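**Q** One predicted model, sequence on top.
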Amino acid sequence: MPGFVDVSDMTSEQVRRMGHADDEYETPRQTWRPKSKPVTVSYSVDNVWGAACAAQRINGSYVKETQHRFDEDRNTMVVERLRNRDVMTDILVNPATLTVEDIAQGQECRKFLQQDITFRGLKGRLTEFDTVISKVIAIAEEFDSAKHKYELAVVASLPANHQRSLSRQEIDSRVRQAAGGYVGAVDAKIQMDVEVVSANYSHTYNIFWVTAITADNQAVFFSYKSKLVTGSWTTIRGTVKAHRDGKTQLNRVRIV
């Protein structure tokens with residue numbers, strides 16, 4: 001009979017499916033959505049470098065990772081110091097907190113590093129990180145918060161780099177002015193009072209390389225097992241190992 005289908009040889013599942021064959025087809029709901037582009041903000045070069053110097057001023061040093069401490073009263077961990085990068089970002093969001101001194105220091109920091117890299121580049125002494133700094137300094141007008149995310153992180157560390165460079169130059173100048181000549185003869189055992197000019201830790205040798213000036217204005221350097229306080233006077237005893245570059249290298253140094 002027209003309009004009827006013989007279902008005598010069909011299974012119950014086939015009959016059920018046939019009953020739904022003419023149902024209205026529903027388009028599946030779309031769950032995929034195109035990714036929206038990140039919101040970007042532009043910051044002036046002066047504000048970025050000024051904010052980096054302000055973060056250095058607030059923290060007192062370069063803090064790479066946020067530092068926490070345990071608060072016994074609250075029985076929980078609390079933030080002690082934010083990393084410089086986050087402090088800098090907060091300042092950029094609220095630039096009214098920037099001071100005239102921060103902006104001036106940022107400009108000086110950028111100018112110094114640019115000159116320093118140019119000078120060392122001419123002598124072929126650039127490091128891999130110097131190349132990164134060069135790219136950051138090349139940004140002359142604005143930083144884009146999305147496009148220059150890595151560069152902004154680098155800027156946060158550069159005021160500390162600037163301070164280290166100034167300290168290094170001061171030490172080099174002090175050593176060049178030490179016109180007292182060399183100390184003793186090679187292999188001679190000596191004892192003297194010295195002013196510690198610098199004490200830099202060597203991860204390679206697990207020692208401190210110490211540069212000092214004697215009371216007779218002679219430059220000496222030696223390795224020592226622990227850090228000596230910069231600017232302090234101390235009495236040392238050791239053996240003259242070599243004379244080089246206007247300084248006397250000492251060996252087997254002990255504090256008397």
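**A** Alright, I've got the coordinates.
**Q** Need the residue closest to the centroid of the chain.
**A** residue 157 (3.9 Å; CA atoms, centre = their mean).
**Q** That one belongs to a helix?
**A** Yes - in this structure, residue 157 lies within a helix as judged by DSSP: H, G, I helix; E, B strand; the rest coil.
**Q** Who's the closest spatial neighbour of it, skipping the chain neighbours?
**A** residue 62 (5.6 Å; CB to CB, 6 or more residues apart in numbering). For every residue, glycine as well, the C-beta is placed using N, CA and C.
**Q** tell me the strands in the stretch 101-250 of the chain, going along the chain?
**A** 142-144, 189-202, 207-214, 219-224, 233-244, 247-255 (DSSP state E, counting those that start in this stretch).
**Q** Could you save the ones you listed as TSV and add columns showing mean pLDDT and mean neighbour count?
**A** Output for the strands of the stretch 101-250 of the chain, formatted as TSV (pLDDT from 0 to 100; neighbours: other CB atoms under 10 Å):
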stretch	mean pLDDT	mean neighbour count
strand 142-144	96	17
strand 189-202	94	16
strand 207-214	96	20
strand 219-224	96	21
strand 233-244	96	15
strand 247-255	95	17
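**Q** out of the ones you listed, nearest to residue 71?
**A** Residue 71 lies closest, by CB to CB, to one member of these: strand 189-202, at 31.5 Å.
**Q** tilt between the closest one and strand 207-214?
**A** Going by axes from the mean of the first three to the mean of the last three CA atoms, to 10 degrees, strand 189-202 is angled at 130 degrees with respect to strand 207-214.
**Q** Centre of the chain to strand 189-202, how far?
**A** Offset of strand 189-202 from its chain centre (CA atoms, centre = their mean, to the nearest Å): 29 Å.
**Q** what do you get for stretch 101-120?
**A** Chain-centre distance of stretch 101-120: 16 Å, with CA atoms, centre = their mean.
**Q** Likewise for stretch 122-138?
**A** In this view, stretch 122-138 has its centroid 15 Å away from the chain centroid, taken as CA atoms, centre = their mean.
**Q** Then stretch 146-161?
**A** Its chain's C-alpha centre and that of stretch 146-161 lie 8 Å apart, by CA atoms, centre = their mean.
**Q** Return the set of buried residues in that stretch.
**A** Buried residues in stretch 146-161, counted by 16 or more other CB atoms under 10 Å: 148, 151-161.
**Q** pretty sure residue 80 contacts residue 70?
**A** No - assessed by CB atoms under 8 Å, residue 80 is found out of contact with residue 70, at 9.9 Å.
**Q** Residue 70 belongs to a strand?
**A** Yes - according to three-state DSSP, residue 70 belongs to a strand.
**Q** about what we covered before: mind picking the two most distant members of the buried residues of stretch 146-161?
**A** Greatest spatial distance among these (CB to CB): 148 and 160, at 19.7 Å.
**Q** where does this structure have its least confident helix or strand?
**A** When each helix and strand of the chain is scored by mean pLDDT, DSSP states H and E, helix 12-19 comes last, with a mean of 64.
**Q** Show the average pLDDT along the helix or strand following that one.
**A** Using DSSP states H and E, the helix or strand that follows helix 12-19 in sequence is strand 42-44. For strand 42-44, mean pLDDT rounds to 96.
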